[in-house]
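Q: the following comprises the amino acid sequence and a computationally predicted model.
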Amino acid sequence: MAFRNDSTVHDASYVALAVVRETHLYTADEELRRRLKEPYSKHVRGLREV
C-alpha cells in the first residue's frame, strides 16, 4: 500500500488500520490525502472536516 500510494510505511500503517477497522483516519497531511487512491482515500479525512 505504501509503494502504490507513494506514502511512507508509517502513514500506510495508520491508513491500513482505518481500513481494517472500517473507520476514518483524520489528518492534517493534505498531501497524503491527495496521493491516496481508492479504496484507501475514502477512509482518510482532513482535520478541517471535523
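A: On my side now, so go ahead.
Q: and the strands in the chain?
A: Assigned strands in the chain, in chain order: 25-27, 44-46 (criterion: DSSP state E).
Q: so which of those is nearest D6?
A: strand 44-46 (14.2 Å; CB to CB). Placement of C-beta: from N, CA and C, glycine included.
Q: average model confidence for that closest one?
A: Throughout strand 44-46, pLDDT has a mean value of 96.
Q: stretch 23-41 now?
A: For stretch 23-41, the per-residue pLDDT averages 94.
Q: what comes into contact with that stretch?
A: If you take CB atoms under 8 Å, 6 or more residues apart in numbering as the criterion, stretch 23-41 is touched by 1, 4-7, 11, 14-15, 17-19, 43-47, 49-50.
Q: of all the residues in it, which ones are buried?
A: Along stretch 23-41, these residues count as buried under the neighbour rule (16 or more other CB atoms under 10 Å): L25, T27, L32, L36, Y40.
Q: out of the contacts of stretch 23-41, which end up buried?
A: Buried among these by 16+ other CB under 10 Å: N5, S7, D11, Y14, V15, A18, V19, H43, V44.
Q: just list whatever residues bridge to the last one.
A: Note on V44: beta-bridge partners L25, judged by DSSP bridges.
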